[in-house]
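>>> Let me see the structure of the following:
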Amino acid sequence: LFQTSHFQCPISDSIIIPFMLLRKPTFWRIIRNKSTEEFSGVPYNMTLLNCLLSAWYGLPFVSPNNVLVSTINGVGAVIETVYVVIFLVFASNRKARLRTLGLASAVAAVFTVVALVSMLALHGPARKLLAGLAMTVFSICMYASPLSIMRMVIKTKSVEYMPFLLSLAVFLCGTSWFIYGLLGHDLFVTIPNGCGSVLGAAQLILYAIYRNNKGNAAGAGKLQGDDVEMSVDGRNSKVADGDDRGATGSTKAED
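Here you go, the predicted structure:
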């Protein structure tokens, strides 16, 4: 069932790299404000790992005749590395920086282990099987990584920290690779990207529902989970409100 994909799909080549670059507005905002604010670095680290494992899977000595998978994801790995470095440089606080650094270290460790084991301990179909399974598992993790942001969108009814272009990229990339996998009879490509297409569609639906509420996330308070924290502006606003109430109370007491 897990056949090598001989089919070369131009739509994958023409969509995936441009839509990775569509994340640039988010990073221009981060650089301009010198802060990652409430943007989560998890999706970018998981995308980096997915690109590395997919590029490895597509190499001729792992999965013959799958050069398209290797080249596109190789370029993607370079782009995602730049994004992760930006997250490290402009992390909003020490905790966010350490979290991103920990994730990046885990990405490097997982890729190194998969590459070394598949090269030194396995050969032929077994090597392809390991690389394909690793790619499938972490591709699904990549597509699932924005779930914490989707939860924040539902709780705050705001899409401020779920950029439309990123959601569109998830949907289009997942769909194009899903079609590529189907036409090439490669379940290692088809299964995870089918999941990605569905999750991308879910993000677009959320965006359509809450698109007019953009900008209300700061006042939502601290949400549960490691990837979302109360924004600095929200905390400052609460402190200011508390001062105003205190001043009003003092005035009434004097009266």
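
>>> And for Tyr44, the neighbour number?
By other CB atoms under 10 Å, the residues close to Tyr44 number 28. In this view, the C-beta of every residue, glycine as well, is placed from N, C-alpha and C.

>>> Can you classify it as helix, strand or coil?
helix (DSSP: H, G, I helix; E, B strand; the rest coil).

>>> For it, give me its contacts.
80, 83-84, 87 (CB atoms under 8 Å, 6 or more residues apart in numbering).

>>> repeat that for 6 Å
By CB atoms under 6 Å, 6 or more residues apart in numbering, the contact set of Tyr44 is 80, 83-84.

>>> Scan those and report the most crowded one.
Tallying neighbours with other CB under 10 Å puts Glu80 at the head of the contacts of Tyr44, with 24 neighbours.

>>> Sticking with Ser35, tell me its helix or strand.
Secondary-structure assignment from DSSP states H and E places Ser35 in no helical or strand segment.

>>> And the nearest residue to it once chain neighbours are set aside, how far from Asn33?
Once flanking residues are discounted, Ser35 sits nearest to Ser92: 4.6 Å by CB to CB, 6 or more residues apart in numbering. Distance check for Ser92 against Asn33: by CB to CB, to the nearest Å, it reads 9 Å.

>>> neighbour-wise, which of these two wins?
The residue with more neighbours, out of Ser92 and Asn33 and counting by other CB under 10 Å, is Ser92; that gives 19 against 11.

>>> Surely the more buried one and Thr36 touch.
Yes. Taking contacts as CB atoms under 6 Å, Ser92 lies within contact range of Thr36: 5.0 Å.

>>> Just want the most central residue of the protein.
For the chain, Pro43 is the residue whose C-alpha lies nearest the centre (CA atoms, centre = their mean; 2.0 Å).

>>> Just to check, that one is in contact with Pro146?
Yes. Using CB under 6 Å, Pro43 is in contact with Pro146, at 5.2 Å.

>>> Any stretches of the stretch 101-250 of the chain with poor pLDDT?
Applying pLDDT under 70 to the predicted model, the residue ranges of the stretch 101-250 of the chain that meet it are 214-250.
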